[in-house]
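Asks: Sequence and predicted structure are below.
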Amino acid sequence: MPDNMIKPESAEPDYDVVISGSGLAGSAAAILLARRGVRVALLERRSDPEAYKVLCTHSITANAYPVLDELGLVPALEEAGAVRNDARWHTRWGWIEPKAASEGPELPHGYNVRRSTLDPLIRSLAAETPGVDLLLGHRVTGLVREAGRTVGVMASTPQGEREIRARLVVGADGKDSAVAKFAGVPTKEYANGRFGYLAHFRGLPLTGGVGQAWFLDPDMAYAFPNDDGVTVLAALPDKKWLPAFKEDLEGSFLEFFRALPEAPPIDSAERVSKIIGTIDYPLHTRRPTAPGIALIGDAALASDPLWGVGCGWALQTAQWLPEAVAPSATGLREDLDASLTAYARTHRRRLTGHQQLAADYAESRPFKALERLMFAAAARDASMARHMYMFAARLIGPLRFLSPVAVVKALAVNVRRRSY
């Protein structure tokens, strides 16, 4: 290790926490940490404060609403035109319409909002938060380590190479996290049997004015209304269709949507973006902590974009980390290590089951018997539709979604209809 990367262990750190990445997870964590009295350096490799993530579902599931509320972002999102993400889902058994049901209390909601609106908004809030230093044009190029733990980062900056020391380094730098790579955190990867392309359209009315998703078993598509009258369309077909799809990307994309049941009127709408996407997007899971390291958002867990959970989980992990480590981030190492263990435990308990189901379905296979049972019942029964919404919004976990009570009820619904 170069001498200029080593300082005495007793040296006072520059910050309590340094966060690599000022996107959704990084900015949210910086705000919530600083509000708890933690000194935060928020590093962003790009120099433009208006920079944003381009390839995204642009959907924040309802599980993250409490985080948005704690951040104080709900009024700003509403003012910016974010759309409450009501939805209906097409299946071979008909449409699942959870919010069309009159019974029961109003269902929780999240928002559909383009990242070009969301990212600058939350980054600006972070920059204005006392205790946060937003450092643009700072790209992490290495970690500073002592006695087997991370005690800071090396960063390439507009002024040259810089060392920034902190008690805790947080990787909020996406699925290809440099922090995770430099720390040697192993990655468990799951193949994705689908590819995906999306584009933005204006003047595209949707049935009921709400988001639509099509489970074509195994192909998938969705149409989500967003801010400023823009609707995001995404096609997620099986990879066996990729060679033909790529021969005429625009034609294939349009034809894919024209063929959908209750297809959105795509030919009368104006496309206002390029058609962008990915032909290979594996899911991955990393252990969310190491000595002196924490990972949040996609850096810790990147799931299948099919489910649109990335933004919601980015916000939730950005909340769980400060709740666990803020009291110890300014104090003793032993307390911080215990706090990181608590964060890792929460992360594992809350997200592992969801990720395992997503990885299994990412094989691009037809529905299994239990999935057919639940989807069929949700298309036929209002209370089962609400139950599925709670799971899709990640407000309940797999064990509750597939509880014996829920399965028995689904069986009863389908027996009455004589098939599933």
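Replies: Noted; the coordinates are in hand.
Asks: Walking through the stretch 201-350 of the chain, point out its strands one by one.
Replies: Listed in chain order, the strands of the stretch 201-350 of the chain (DSSP state E, counting those that start in this stretch) span residues 211-215, 220-225, 230-236, 270-271, 276-278, 283-286, 289-290, 293-295, 301-302.
Asks: between those strands, which one is nearest to residue 13?
Replies: With C-beta to C-beta, the closest approach to residue 13 among the strands of the stretch 201-350 of the chain belongs to strand 293-295: 14.4 Å. Every C-beta, even on glycine, is put in place using the N, C-alpha and C of the backbone.
Asks: what's the span of stretch 78-90, first residue to last?
Replies: End-to-end span of stretch 78-90 (C-alpha to C-alpha, to the nearest Å): 28 Å.
Asks: Identify all contacting residues around that stretch.
Replies: Outside stretch 78-90, the residues within contact range by C-beta atoms under 8 Å, 6 or more residues apart in numbering are 59-62, 95-100, 109-113, 117-118, 121, 207-208, 210-215, 224-228, 260-262, 389, 392.
Asks: Quick one: buried ones out of those residues?
Replies: Neighbour counting with 16 or more other C-beta atoms under 10 Å marks 59-62, 95-99, 109-113, 117-118, 121, 210-215, 224-227, 260, 389, 392 as buried within those.
Asks: For the residue nearest to the spatial centre of the chain, list the residues it contacts.
Replies: With the centre of the chain defined as its mean C-alpha position, the nearest residue by C-alpha atoms, centre = their mean is residue 310, 1.1 Å away. For residue 310, the contact set (C-beta under 8 Å, 6+ apart) comprises 56, 57, 297, 298, 302, 303.
Asks: re the thing from before, make CSV from the strands of the stretch 201-350 of the chain and add distance to residue 246 and mean pLDDT to it.
Replies: Converted to CSV, the strands of the stretch 201-350 of the chain look like this (distance: least, C-beta to C-beta, whole Å; pLDDT from 0 to 100):
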stretch, distance to residue 246, mean pLDDT
strand 211-215, 21, 97
strand 220-225, 17, 97
strand 230-236, 12, 97
strand 270-271, 18, 98
strand 276-278, 10, 95
strand 283-286, 22, 98
strand 289-290, 39, 98
strand 293-295, 33, 98
strand 301-302, 23, 98
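Asks: So for residue 249, which of the ones you listed sits nearest?
Replies: strand 276-278 (8.8 Å).
Asks: Now find how far off-centre that closest one is within its chain.
Replies: Taking the mean of its C-alpha atoms, strand 276-278 sits 17 Å from the chain's own mean (C-alpha atoms, centre = their mean, to the nearest Å).
Asks: same check, this time on stretch 34-42
Replies: Chain-centre distance of stretch 34-42: 23 Å, with C-alpha atoms, centre = their mean.
Asks: repeat for stretch 95-113
Replies: 20 Å.
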